[in-house]
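Colleague: Fold the following, please.
(one chain, ligands or ions: 1)
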Amino acid sequence: MYLFGRQIDIRKHRMFLFGKRIDIYSSFAENNLGKVIYKTVLDYKPMKIVEFGVLQGYATVCMALALKKLGRGKIVSYDDWQPHEPHLCGDIETVKKNLQRYKVLHLVELKTADFFQWVVNPEPFDLLFLDIDNDGRIIELAITKLQTHIQKGAVILFEGGSEQRDNLDFVIANNQAPMYPLREKLGFKVLDRRHPSISICTKDVKYSYRPGRD
Ligand SMILES: C[S@@+](CC[C@H](N)C(=O)[O-])C[C@H]1O[C@@H](n2cnc3c(N)ncnc32)[C@H](O)[C@@H]1O
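Modeller: Sure, this is the predicted structure:
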């Protein structure tokens, strides 16, 4: 199987969460980044999580297990469930089975939406998990459009943000906008730089972006 333009061994892309085997395909599993996702939810205790980019539900399960531990909260998980060549696309039936397997289906609502349409009139949320084959253009759009949410205390957690992620072959070959150089302008912090890396934007991270300014 290919992901991010690299041939990968699917057996390595599985993860353990505090002794529990999370047997769901994801690039996050390569470096156990599910643990970072899980811990972030425990730290911020969001009542409502909105997720964009579900694939097979790896991050969904990690976040739902954290909500289960907290004993409250829910996730609204969106994907457009459409092919995104050369990337992988979400598979709703596999996601449902995975959520059932980890006994968290009752905590998650699976819905269909395109992020670029949703962000024009976004619903309220406490934490947004964004993973839609991210690049600098997408992250800039999200953080700019959702600034009111962020200033009210909402958190944006997203795939990527590290220099290494910007330098992957497929990112360069497809001339995708890098994320790392935007961290000061947009006010995000790389939480874990291991592949594919994960970053966070909160109101505590200084937001210096003004529309029209470089
Ligand atoms: C890299 S995968 C997500 C990986 C997943 N978060 C995980 O934990 O393994 C990207 C997902 O985003 C979805 N997607 C891509 N563009 C989208 C868009 N504009 N709106 C909604 N979903 C999108 C794809 O269908 C795919 O399921």
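Colleague: So V95 sits against A59, correct?
Modeller: No. V95 is beyond contact range of A59, at 10.8 Å (criterion: Cβ atoms under 8 Å). Glycine gets a C-beta too; all of them are placed from N, C-alpha and C.
Colleague: more crowded one of those two?
Modeller: Between V95 and A59, counting by other Cβ atoms under 10 Å, A59 is the more crowded of the two (28 against 24).
Colleague: Secondary structure element for the more buried one, which one?
Modeller: In this assignment (DSSP states H and E), A59 forms part of helix 58-70.
Colleague: Return the set of buried residues in that helix.
Modeller: Neighbour counts over helix 58-70 (16 or more other Cβ atoms under 10 Å) mark 58-67 as buried.
Colleague: Now pLDDT and distance to P181 too, for the residues you listed, in TSV please.
Modeller: Converted to TSV, these look like this (pLDDT from 0 to 100; distance: Cβ to Cβ, whole Å):
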residue	pLDDT	distance to P181
Y58	97	28
A59	98	25
T60	98	30
V61	97	32
C62	97	28
M63	98	28
A64	98	33
L65	97	34
A66	97	31
L67	98	34
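Colleague: Just put the residues you listed in JSON lines and tack on distance to the ligand.
Modeller: Shown next, in JSON lines, are these (distance: Cβ to the nearest ligand atom, whole Å):
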{"residue": "Y58", "distance to the ligand": "4"}
{"residue": "A59", "distance to the ligand": "3"}
{"residue": "T60", "distance to the ligand": "7"}
{"residue": "V61", "distance to the ligand": "8"}
{"residue": "C62", "distance to the ligand": "8"}
{"residue": "M63", "distance to the ligand": "9"}
{"residue": "A64", "distance to the ligand": "12"}
{"residue": "L65", "distance to the ligand": "13"}
{"residue": "A66", "distance to the ligand": "14"}
{"residue": "L67", "distance to the ligand": "16"}
